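**Student:** Need the 3D shape of this:
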Amino acid sequence: MVDVLMRDWSDGHVLLTEVESKDLLRKQGLNAVPTKLAATRADAMLLAEDMGLPAVVKIVSPDISHKSDVGGVMVGLKTVAEVGAAYDTIMAAVRQHQPQAQIVGVAVQPLATAGVEVIIGMVRDAQFGPVVMFGLGGILVELLEDVSFGIVPLTRQDAREMIREIKGHPLLGGYRGRPPVDTDYLEQMLLRVSRLAEEHPEIQELDLNPVFAYRQGAVIVDARILVQGALNSA
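**Tutor:** Residues are numbered from 1 along each chain as shown. Take a look at the predicted model:
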């Protein structure tokens, strides 16, 4: 298997791969789906067999932010052969849609149990400093624009209010017979992201989307972290 890589941007920013991002988040006590990087078709098949099926395969490229838009994601792969075929399909689709994109490889992870999709983010504002975001997640996040913001450092009350402020809050409390999600756990996730922003000023942006929220706990399914210069030891 290959080592995970970081890709430098011309302005000194570094976009961590999904694999690196999740490793960093887990070190901070945030629950993320185990994810490994494969540089080749054979690597992807071996990793999927080792990590467990069904599997998810996603393109890893510093030039591609929305993987689904370029055919860079395939889910629910039930066999090793399907993983190999998915690798070929993804590579062909990405090269067709973005032929100039730099491709690091693919991320391989076990399929997470579906939950209510939320997003947790962080950005450094010129006036307010680090600001944490929370809202409904998934591929419709930009369309819905149902998010709330809190200035770092967050308190437990801040985190609780951020969750309650979004219009989609009824979805989290149980809707049409669906069980409520673990908002206490989501509050803890927001507080950990706030602390991460405080302790690591080199982290400029953080995007956890989607996060699957469950009746008990939650898990980060996809992650993107942008840093300025070198990332200090976490």
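**Student:** C-alpha only now, for contacts and for neighbours.
**Tutor:** Fine.
**Student:** Now stretch 110-125: buried residues?
**Tutor:** By neighbour count with 16 or more other CA atoms under 10 Å, stretch 110-125 contains the buried residues 110-112, 116-124.
**Student:** just how off-centre is it within its chain?
**Tutor:** Remark: stretch 110-125 is offset 6 Å from the chain centroid, using CA atoms, centre = their mean, to the nearest Å.
**Student:** you'd agree residue 118 is in a strand?
**Tutor:** Yes. Residue 118: assigned to a strand according to DSSP: H, G, I helix; E, B strand; the rest coil.
**Student:** who's in contact with it?
**Tutor:** 134-138, 209-213 (CA atoms under 8 Å, 6 or more residues apart in numbering).
**Student:** Of these, just say which sits nearest to residue 17.
**Tutor:** Residue 17 has its nearest neighbour among the contacts of residue 118 in residue 209, at 14.3 Å by CA to CA.
**Student:** Just the element for that closest one, please.
**Tutor:** If you go by DSSP states H and E, residue 209 is part of strand 203-213.
**Student:** Could you list every helix and strand in contact with that strand?
**Tutor:** Contacts defined by 3 or more CA pairs under 8 Å, 6 or more residues apart in numbering; DSSP states H and E place strand 203-213 against strand 116-125, strand 218-220, strand 223-228.
**Student:** I'd like to know how far residue 231 sits from residue 16.
**Tutor:** Using CA to CA, to the nearest Å, residue 231 is found at 10 Å from residue 16.
**Student:** Between these two, which has more neighbouring residues?
**Tutor:** More crowded of residue 231 and residue 16, by other CA atoms under 10 Å: residue 16, with 24 against 14.
**Student:** From residue 84, how far out is that one?
**Tutor:** Distance check for residue 16 against residue 84: by CA to CA, it reads 25 Å.
**Student:** Same question for residue 99.
**Tutor:** As judged by CA to CA, residue 99 and residue 84 stand 21 Å apart.
**Student:** between the two, who's got more neighbours?
**Tutor:** A count of neighbours by other CA under 10 Å puts residue 84 above the other of residue 99 and residue 84, at 20 against 11.
**Student:** for the helix or strand hosting residue 164, packing partners?
**Tutor:** Element membership of residue 164, judged by DSSP H and E, is helix 156-165. Contact here means 3+ CA pairs under 8 Å, 6+ apart; on that basis helix 156-165 packs against strand 129-136, strand 147-151, helix 183-199.
**Student:** how far off strand 147-151 does it point, in degrees?
**Tutor:** Counting by axes from the mean of the first three to the mean of the last three CA atoms, to 10 degrees, helix 156-165 lies at 160 degrees to strand 147-151.
**Student:** okay, helix 156-165 in PDB with CA atoms only?
**Tutor:** Output of helix 156-165 as PDB, limited to C-alpha atoms (Å, rounded to 0.1, in the frame of the first residue of the first chain):
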ATOM      1  CA  ARG A 156     -21.700  23.500  25.600                       C
ATOM      2  CA  GLN A 157     -24.600  26.000  25.500                       C
ATOM      3  CA  ASP A 158     -23.300  27.400  22.200                       C
ATOM      4  CA  ALA A 159     -23.200  24.000  20.700                       C
ATOM      5  CA  ARG A 160     -26.700  23.200  21.900                       C
ATOM      6  CA  GLU A 161     -28.100  26.400  20.400                       C
ATOM      7  CA  MET A 162     -26.300  25.800  17.100                       C
ATOM      8  CA  ILE A 163     -28.100  22.500  16.700                       C
ATOM      9  CA  ARG A 164     -31.500  23.900  17.700                       C
ATOM     10  CA  GLU A 165     -31.200  27.000  15.400                       C
END
